[in-house]
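Enquirer: Any chance you could fold what I've pasted below:
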Amino acid sequence: MSAPLSLNALASRLFTPRWTALARSRLDGEARRGLGHRVAAPRLGVFPARPGPVRVGGVTVAQPDGVTCAATGLLLLNAACDPRLEDWLATGEVPGTLPPEIAGLAPDQLHETDAARRVAAAAAAVHRRATRATLGPFPWPRAYGTPPWGVAREARVPGVVYRHRAVDDRDERLMDDVLAMLVAASARGIPVPVYSGGDLTGGWQAAVPRHLVLVLPAPTPDLLRVYEPGGGRVETIAPDELRARTAAHRALGGWTHLAWTLVPLVR
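Expert: Predicted coordinates for the structure are as follows:
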């Protein structure tokens, strides 16, 4: 399949298939033993069962600026796993022990009564955490969002550790593995952050991973449920629609390609 070039397509060849194969093996093992034997599925009450806006504390949770898509998705991923964080986002009630995502907030931010400003403050704090020491000892440049390895480091799903890999969506064998992994994780109740992007038809700035979305647990393998933080909505996309795309999709935040994926390894 011929398609315009992207950085992730080139980088994909540098990654071993070991992590996706291991993730699938362990997820299949969880299926045989029964969900919950090792992984406690996250509470996902913050996400609607059907496509529509994600609302917490009466406001739609969308990324507050152009660089915190990954931080916003990571914030809600961790809130789904930590009732203290979810309750603070929803009500503003400060827990006795602060979750790491908000432990560094100033007192006025911790006691903020406006839900939208709480989300913005927490997303900014998560962005700082997930970009620190991601270029050796140096932080990732803010203008370029959050790198996948920073998200993998900060994700807090009990019983799961995340790896990451670049994805060439034209590589049929790789996409077989990646899509099977996403469907298996979805069926086992494990959210998976993935990155979308474009290609060189939009210039070099588009030909890199640009936007994080969150693949959520879903009741059927026919559709992936996706939290898209740009619009603050849950969207759906069929797994095979992620293969060798040539058109933008709103589940990918208006970008064309699946560019990078985190890989959930059940511990």
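
Enquirer: So which elements touch the helix or strand bottoming out on mean pLDDT in the chain?
Expert: Counting by mean pLDDT, DSSP states H and E, the weakest-scoring helix or strand in the chain turns out to be helix 18-33, with a mean of 80. With contacts taken as 3 or more C-beta pairs under 8 Å, 6 or more residues apart in numbering; DSSP states H and E, helix 18-33 sits against strand 160-166, helix 172-187, strand 257-266. (Each C-beta comes from the backbone N, C-alpha and C, glycine too.)

Enquirer: now the angle from that helix to helix 172-187?
Expert: Helix 18-33 and helix 172-187 meet at an angle of 40 degrees, taking axes from the mean of the first three to the mean of the last three C-alpha atoms, to 10 degrees as the criterion.

Enquirer: after helix 18-33 comes which helix or strand?
Expert: With elements assigned by DSSP states H and E, the helix or strand that comes after helix 18-33 is strand 52-53.

Enquirer: Which residues does that next one contact?
Expert: Strand 52-53 is contacted by residues 60, 231-234 when judged by C-beta atoms under 8 Å, 6 or more residues apart in numbering.

Enquirer: Return the most buried member of the helices and strands packed on helix 18-33.
Expert: Across the helices and strands packed on helix 18-33, the average number of neighbours (mean count of other C-beta atoms under 10 Å) peaks for strand 257-266, which reaches a mean of 26.

Enquirer: Model confidence at residue 188, what's the number?
Expert: We have a pLDDT of 89 for residue 188.

Enquirer: I figured it was touching residue 27, is that so?
Expert: Yes. Residue 188 lies in contact with residue 27 (C-beta atoms under 8 Å); the separation is 5.6 Å.

Enquirer: Just the pLDDT for the residue most central in space within the chain.
Expert: Centroid check for the chain by C-alpha atoms, centre = their mean gives residue 193 as the closest residue, at 2.3 Å. Residue 193 is assigned a pLDDT of 97 by the prediction.

Enquirer: same question, the one 3 residues further on
Expert: We note a pLDDT of 95 for residue 196 in this prediction.

Enquirer: That one pairs with what?
Expert: Note on residue 196: beta-bridge partners by DSSP bridges are residue 211, residue 258.

Enquirer: Give me the neighbour count for it.
Expert: By other C-beta atoms under 10 Å, the residues close to residue 196 number 29.

Enquirer: In contact with it, which residues?
Expert: Counted by C-beta under 8 Å, 6+ apart, residue 196 has contacts 209-213, 252-253, 255-259.

Enquirer: Residue 170 is in contact with residue 9, correct?
Expert: Yes. In this structure, residue 9 is within contact of residue 170 by C-beta under 8 Å, at 6.7 Å.

Enquirer: Those two: who's more crowded?
Expert: residue 9 (21 against 17).

Enquirer: Output the contacts of residue 196 in TSV; the columns should cover pLDDT and distance to residue 241.
Expert: TSV is the format used below for the contacts of residue 196 (pLDDT from 0 to 100; distance: C-beta to C-beta, whole Å):
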residue	pLDDT	distance to residue 241
209	82	19
210	83	18
211	95	16
212	97	18
213	98	13
252	97	10
253	96	15
255	94	13
256	92	11
257	92	11
258	94	10
259	92	15
